[in-house]
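>>> Sequence and predicted structure below; questions after.
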Amino acid sequence: MLSFTSPLSIKGLLQISRSSDGVRRLLTGAGTGGIAMILNKVATIASAVIFARLLGVEGYGIFAIATSGMTIALIACEFGLPSLLVREIARSHVKANWSRINGLLHSARRFFLTACVLAASLALVTLILSGDRIDVGQRWAFGLAFVFLLPLSGLLRMLTAALNGLRRLAAAQVTELALAPLLALLIVGSVALLGVAGLQAYHAVAIQIAASATAVTIAGIWLAHAVRDGRNVPPAIPGHRALLTQSWPFLALNIASLLSLQIDVVMVNLFVSNEATGLYRVASQGALLAFAGLQLVTALTGPYFARLHASGDTDNLRRLFRTAQLLGFLFAATTLGAYALFGQWLIGVAFGEEFLPAYPYLLILTAGFVANHAFGPSGALMSMCGHERKSLKIMWVAGSANVIACAIAAWAAGALGVAVVTAICLASYNLAMYIAARKNIGI
């Protein structure tokens, strides 16, 4: 039975402090993460507004499908390594095992960049062979996304994962949530103020590339400072087979999550139109604001889930999960209420009247996130406590069902049907994950 009881108390925080030597870092990370999350959402929504107005519905749809396609490739190229890095670096850092930490970072980076080269080569060959079926603007958008944005996005995620594992929670939250969106807003805002006309989808991708490159540079400097104690320790480089054996369950989890959270945009583009994709993208970006609360608490508590589970502190693990569950749900429910009251007005003012048809999608998708958040960060808890293979089965069943259902819904009912199916899948898979977490971990 769903319960929001036993929130984390001051006594519980002190117990976590003694058991994991980290309450100060947790609270600092929470404060910084909250600010970073606000900045992220403000910057993301503001950038989306400017991009949408500059590109128009069709151009914004092309930009959306190019970045969504890149995201799909990113999941494959990462091979689950960021999630593995958070867990394994957190465990190694407890023992000051810098040799293993350095080896993990070296091998993960080398494998990822190799995969990016292969993915970019395949994308370029596909674009060349597509002939006149894809116009020049779309070619440039997809080409830039796969050749440049793909490796930069993955490197940023790995740097964030390493910072999280090293308990640099404040730096990790700024890196993951604020750096790239704020830089992108700065660039596209400057373009708009300068009155640059004729902006195309590939120009928007180029702006994202510039922002990501700057964010990677800053995050790299922060990570170099975080590992200074082990800088001269020779790395114990794991073999690719050993590394991938550990990371592939996280890859499968990420693919299943992608099928649940990203495939809807792709299906709208395949079965409806570029215009519908632009509208749906506006709604999905707005709905992701409801996801932000759980995203933040998951990023902050993930390393502590691993530490508390490793030390056998089930009581504080349960308290920490309940707190994350409550905070994520309240944030999502508040967001849905605000959209129900002011959603149409916000879309009209921000994006213009041509985007008003996105309002029903916005409400439906946000409601899906509210239902999802009612069951807390169950997937993250399972992964950080070593049960990723069990949660993998749940995610794949849900993800596969979502792909099939979205395809049918897009064909039969258009973007509205896709939104309904996506919302149902968001709620269903996290309910199943919550039940599994209660059974296997005892939350």
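Cool, got the structure. Residues are numbered from 1 along each chain as shown.
>>> How about stretch 334-352, which residues are buried there?
335-336, 339, 343-344, 346-347, 350-351 (16 or more other C-beta atoms under 10 Å). The C-beta positions use only the backbone N, C-alpha and C, and glycine is treated the same way.
>>> closest to Ala306 among these?
Ranked by distance to Ala306 (C-beta to C-beta), those are led by Thr335 at 28.8 Å.
>>> pLDDT wise, what is the closest one at?
Note for Thr335: predicted pLDDT of 92.
>>> same deal with Gln15?
49.
>>> rewinding a little: can you tell me which of the buried residues of stretch 334-352 lies closest to Leu327?
Using C-beta to C-beta, the buried residues of stretch 334-352 come closest to Leu327 at Thr335, 12.8 Å.
>>> check contacts around the closest one.
Taking C-beta atoms under 8 Å, 6 or more residues apart in numbering as the criterion, Thr335 is in contact with 289-290, 293, 366, 369-370.
>>> What strand or helix carries it?
Using DSSP states H and E, Thr335 falls within helix 314-350.
>>> how far does the very next helix or strand once past that helix sit from the chain's center?
Once the chain leaves helix 314-350, the next helix or strand it forms, by DSSP H and E, is helix 359-373. A distance of 17 Å separates the centroid of the chain from that of helix 359-373, by C-alpha atoms, centre = their mean, to the nearest Å.
>>> okay, helix 359-373 in PDB with CA atoms only?
Output of helix 359-373 as PDB, limited to C-alpha atoms (Å, rounded to 0.1, in the frame of the first residue of the first chain):
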ATOM      1  CA  TYR A 359      -2.400  22.600 -24.200                       C
ATOM      2  CA  PRO A 360      -4.200  19.200 -24.000                       C
ATOM      3  CA  TYR A 361      -1.000  17.300 -24.500                       C
ATOM      4  CA  LEU A 362       0.600  19.400 -21.700                       C
ATOM      5  CA  LEU A 363      -2.100  18.500 -19.200                       C
ATOM      6  CA  ILE A 364      -2.100  14.800 -20.000                       C
ATOM      7  CA  LEU A 365       1.700  14.300 -19.900                       C
ATOM      8  CA  THR A 366       2.000  16.300 -16.700                       C
ATOM      9  CA  ALA A 367      -0.700  14.100 -15.100                       C
ATOM     10  CA  GLY A 368       1.300  11.100 -16.100                       C
ATOM     11  CA  PHE A 369       4.400  12.400 -14.300                       C
ATOM     12  CA  VAL A 370       2.300  13.100 -11.200                       C
ATOM     13  CA  ALA A 371       1.100   9.500 -11.100                       C
ATOM     14  CA  ASN A 372       4.700   8.300 -11.700                       C
ATOM     15  CA  HIS A 373       6.100  10.500  -8.900                       C
END
